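Asker: Mind folding the following:
(2 chains)
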Amino acid sequence: MASVTSGSKSGVSYDARGLVEPDAEVPNIAEIDGDNARFDATELSTRQINLELRRLVYGENLASVTVVNPGSKHSLGVGILKRCNLAFEGSPGWFAVGLIDGPVVRIDGRVGWSCAENMMSGVVVIERGAGSLTGAAIRGGDLVVKGDAGARTGIDQKGGTIIVMGSVGIATGFMMQRGKQIICGDVGHGLGDSMYDGTIYVGGTVASLGVDCVPGDWTDADTEFVQRKFRIHKLGDAPELQKFVCGKQLHNYDSLEPSERKLIL
Amino acid sequence: MAGTRTVSIDAEQLAGKRFAYQSDISLVESIDLMAATPGDDLNWLEDIELLVEDGVPAVFDRNSNSFLKIYFEIPEGRENELARKVLIKHLTEGNSYGIQLKDVHCKFPQVDIGPWVENPRSVGSDWKPPVLEGWEAPAPH
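Answerer: Modelled structure (predicted):
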């Protein structure tokens, strides 16, 4: 079968069918200066970039690594399970820094779908916008998006904090189970639909609330939390926010029959 | 503990023993939670709170999906702080069952204990499939 390849502005041709990249050789191209390293990813494939990252973080035990020109390649920086500083000068693609546990990540550009999905701990700061499913299923840590984010932000969130300085799309916080979200701008339809727990703060307008998402009572703890997060991430003054929580009327909280539930919801 | 039945999973049952820091507050008092977590606040530990399991104060360890019970008296107002300290002690000493499984079952290189310690050991670089003694693969049909 003839291989199907596509060109790319990033300088790398890849198999458009998504087959595994066969080149498993570590590039060894980073410039290392003391505890810091930096390398240009323009000519590297996803696998080579991740191999180089892992060599520098685990093998060389460096504290900080900067990836220049990530070229919107997908799945960069995934599965780093160690305290370190990662920086991307440019924009990674889908699933950037997913499954991480510990790193503090700064992304100069924007990101595609599912950035920081399943993050266990750490900090991810995105200077521009993010695609759909940002922070999907995160379990801990802080994820800060300084631009807008797409639909289903924080879907299935199980912990941690997602802060979006701009607006977000539909179904934000869908099936959220724990953790907190601070959305400074507007929110699309179905906010917090079927959420089990957690808290969502919204600064702008909410197109519509999802099933079992209700306004919550503001407390001093909310003020302390929001102000602390804005302070440590240097986000300026927090806007006035509304608080939304789970109404706890869904099937998992009672023993109602489906017909009875419809009357309530 | 063998033979007891509980609905949830108990860290002591998984480990086969009780750890000293579950009963002695002095063993966890000096733990620096900020140093144990990334970022400028408690980060993931913020979600960790003191819970109750089987009528006993406990903290949940997501690495082994089990409850770690706390037997010392917890001063009022310090519930979450001490729960977090007991958990961090449990994790940094490598006593979480999920961490112990890594040595045997990791199929690719990764850190053993996690980001809670400065330079964790790497495990999983020489994984071999387990062999059941005396077992032979059936002859193909």
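
Asker: show me what contacts the closest residue to A:E240 other than its chain neighbours?
Answerer: Nearest non-adjacent residue to A:E240, counting by CB to CB, 6 or more residues apart in numbering or on different chains: A:G203, 6.7 Å away. Using the backbone N, CA and C atoms, a C-beta is placed for each residue, glycine as well. For A:G203, the contact set (CB atoms under 8 Å, 6 or more residues apart in numbering or on different chains) comprises A:I182, A:I183, A:C184, A:G185, A:A238, A:P239, A:E240, A:L241, A:Q242.

Asker: how far away is A:G203 from chain B?
Answerer: Distance, A:G203 to chain B, using CB to the nearest CB, to the nearest Å: 21 Å.

Asker: can you list the residues of the stretch 51-200 of chain A near chain B?
Answerer: Taking CB under 8 Å from any CB of the partner chain as the contact definition, the stretch 51-200 of chain A meets chain B at A:54, A:58, A:61, A:79, A:81-83, A:101-104, A:120-123, A:139-142, A:159-161, A:178-179.

Asker: What about residue 134, how many residues nearby?
Answerer: In the absence of a named chain, chain A is used. Neighbour count for A:T134, taken as other CB atoms under 10 Å in any protein chain shown: 32.

Asker: right idea, wrong chain: chain B
Answerer: 5.

Asker: cool, the one 3 residues further on as well?
Answerer: Residues near B:A137, counting by other CB under 10 Å, number 5.

Asker: for A:L53, same thing?
Answerer: A:L53: 25 neighbours (other CB under 10 Å).

Asker: In three-state terms, label it for me.
Answerer: Following DSSP: H, G, I helix; E, B strand; the rest coil, we place A:L53 in the helix state.

Asker: Now do it against chain B, distance only.
Answerer: Per CB to the nearest CB, A:L53 is found 13 Å from chain B.

Asker: Could you give the average pLDDT over stretch A:28-43?
Answerer: If you average the pLDDT over stretch A:28-43, you get 97.

Asker: residues making contact with that stretch?
Answerer: Under the contact criterion CB under 8 Å, 6+ apart, stretch A:28-43 has outside partners A:10-12, A:27, A:44, A:49, A:52, A:55-56, A:60, A:62-71, A:73, A:76.

Asker: next one: the lengthiest helix in chain B to chain centre, how far?
Answerer: Secondary structure of chain B per DSSP state H: the longest helix is helix B:79-92. Taking CA atoms, centre = their mean, to the nearest Å, the mean C-alpha location of helix B:79-92 is offset from the chain mean by 10 Å.

Asker: near chain A at all, whichever helix or strand comes after that helix?
Answerer: Going down the chain from helix B:79-92, the next helix or strand is helix B:97-105, by DSSP states H and E. No: using CB under 8 Å from any CB, helix B:97-105 stays clear of chain A, coming no nearer than 10.4 Å.

Asker: what helices or strands is helix B:97-105 leaning on?
Answerer: With contacts taken as 3 or more CB pairs under 8 Å, 6 or more residues apart in numbering or on different chains; DSSP states H and E, helix B:97-105 sits against helix B:11-15.

Asker: let's see 10 Å
Answerer: Counting contacts by 3 or more CB pairs under 10 Å, 6 or more residues apart in numbering or on different chains; DSSP states H and E, helix B:97-105 is packed against helix B:11-15, strand B:56-61, helix B:79-92, strand B:110-111, strand B:122-123.

Asker: ok, residues contacting the last one?
Answerer: By CB atoms under 10 Å, 6 or more residues apart in numbering or on different chains, the list of residues contacting strand B:122-123 from outside reads A:58-59, A:82, B:99, B:102-106, B:108-113.

Asker: how about a cut-off of 7 Å?
Answerer: With contacts defined as CB atoms under 7 Å, 6 or more residues apart in numbering or on different chains, strand B:122-123 is touched by A:Y58, B:K102, B:D103, B:C106, B:P109, B:Q110, B:V111, B:D112.

Asker: Could you identify the pair within these that is furthest apart?
Answerer: Farthest pair in the contacts of strand B:122-123 (CB to CB) is A:Y58 and B:D103. Separation: 16.7 Å.

Asker: where do the strands sit along chain A?
Answerer: All strands of chain A, identified by DSSP state E, fall at A:5-6, A:14-15, A:31-33, A:36-40, A:64-68, A:85-89, A:101-107, A:121-126, A:142-145, A:158-164, A:178-183, A:199-202, A:213-215, A:242-246.

Asker: Mind telling me which of those strands the model trusts least?
Answerer: Lowest mean pLDDT within the strands of chain A: strand A:5-6, at a mean of 48.

Asker: re earlier: need the helices and strands packed on helix B:97-105 in TSV with mean pLDDT, can you?
Answerer: Formatted as TSV, these follow (pLDDT from 0 to 100):
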stretch	mean pLDDT
helix B:11-15	89
strand B:56-61	95
helix B:79-92	97
strand B:110-111	84
strand B:122-123	87
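
Asker: now those in CSV, with distance to A:A96 and mean neighbour count?
Answerer: What follows is the helices and strands packed on helix B:97-105, written out as CSV (distance: least, CB to CB, whole Å; neighbours: other CB atoms under 10 Å in any protein chain shown):
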stretch, distance to A:A96, mean neighbour count
helix B:11-15, 34, 19
strand B:56-61, 28, 21
helix B:79-92, 27, 22
strand B:110-111, 19, 22
strand B:122-123, 24, 16
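
Asker: export stretch B:130-141 as PDB, just CAs?
Answerer: C-alpha atoms of stretch B:130-141 as PDB (Å, rounded to 0.1, in the frame of the first residue of the first chain):
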ATOM      1  CA  PRO B 130       5.300 -12.400  34.300                       C
ATOM      2  CA  VAL B 131       5.700 -16.100  33.900                       C
ATOM      3  CA  LEU B 132       3.500 -18.500  35.800                       C
ATOM      4  CA  GLU B 133       5.600 -21.400  37.100                       C
ATOM      5  CA  GLY B 134       4.700 -24.700  35.500                       C
ATOM      6  CA  TRP B 135       2.500 -23.200  32.900                       C
ATOM      7  CA  GLU B 136       3.000 -23.900  29.300                       C
ATOM      8  CA  ALA B 137       1.200 -22.400  26.300                       C
ATOM      9  CA  PRO B 138      -1.400 -24.700  24.800                       C
ATOM     10  CA  ALA B 139      -0.500 -26.300  21.600                       C
ATOM     11  CA  PRO B 140      -2.000 -24.500  18.600                       C
ATOM     12  CA  HIS B 141      -5.000 -26.200  17.000                       C
END
